[in-house]
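Colleague: quick one, fold the following:
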Amino acid sequence: MALLEIQKLSKEYMMGQQSLLALDNVSLGIGKNEYVAITGSSGSGKSTMLNILGCLDKPTAGKYILNDKDVSELNPDELAEIRNREIGFIFQSFNLLPRASALANVMQPLIYRGMKQKDRKKAAEQALRHVGLGDRMDHLPNQLSGGQRQRVAIARALVTKPSILLADEPTGNLDSRTTIEIMKLFDELHAQNQTIIIVTHEPEIADHCHRIIRLEDGHVAEDRMKAA
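Modeller: Presented below is the predicted three-dimensional model:
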């Protein structure tokens, strides 16, 4: 059974007097514990797909079902609640608060859960240990390497125990050695039954995933499972 499903989904943007169809009648489902890459060249529709799957944008037509809930028609407050409860985001640029410690950054999403401060701290500490940063909790982002900053971002995404980890070019700002380390961490998280969707234009990143969905001009050009 699909954890998420999009049905005949389209997204149209107006560019002045011109309309741009970024996604055109796309249907697909992703099951629990899948490890999926969404790939494609610039302009293929993958950023639009990311924004819709992450409940950051709404489709023009079609449905998006997430955990048996149709999220395509929700209002902004309801979408924000779904994002906080269901989706852990990881971005290329880390998006950390520069004046907050690693621990404070990871605690941030839990503030919206109404959790007590001591419970937020305990959960954030556990998430940082999970990504191998138990000894860096009090460091500011500028005291951490790029790989360590991305680990903080992954811990922040994990701390809410999301249904899906949604990563947007997660190694785009990292060197090749650190990229290998971060992808190994994604592999380990998947082995622990975490559903992961990575949006990337890099074939070597997509190659870590078990399923590759390639977009082209707003359509699914390829959807294949990798051989075991």
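Colleague: helices along the protein, start to end?
Modeller: 46-53, 76-86, 102-111, 117-130, 146-158, 176-191, 203-206 (DSSP state H).
Colleague: could you export the longest one as CSV, CA atoms only?
Modeller: So that's helix 176-191. Written as CSV, here are the backbone C-alpha positions of helix 176-191 (Å, rounded to 0.1, in the frame of the first residue of the first chain):
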residue,chain,number,x,y,z
SER,A,176,33.4,14.0,-2.7
ARG,A,177,34.7,12.4,0.5
THR,A,178,32.0,14.0,2.6
THR,A,179,29.4,13.1,0.0
ILE,A,180,30.2,9.5,0.4
GLU,A,181,29.9,9.8,4.2
ILE,A,182,26.5,11.5,4.0
MET,A,183,25.1,9.0,1.5
LYS,A,184,26.3,6.2,3.7
LEU,A,185,24.2,7.7,6.5
PHE,A,186,21.2,7.8,4.2
ASP,A,187,21.8,4.1,3.4
GLU,A,188,21.9,3.3,7.1
LEU,A,189,18.7,5.3,7.8
HIS,A,190,16.9,3.4,5.0
ALA,A,191,18.2,0.1,6.5
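Colleague: show me what counts as buried in it.
Modeller: 178-179, 181-183, 185-186, 189-190 (16 or more other C-beta atoms under 10 Å). In this view, the C-beta of every residue, glycine as well, is placed from N, C-alpha and C.
Colleague: do the same with the fourth one
Modeller: Within helix 117-130, the residues that qualify as buried by neighbour count (16+ other C-beta under 10 Å) are 120-121, 123-125, 127-128, 130.
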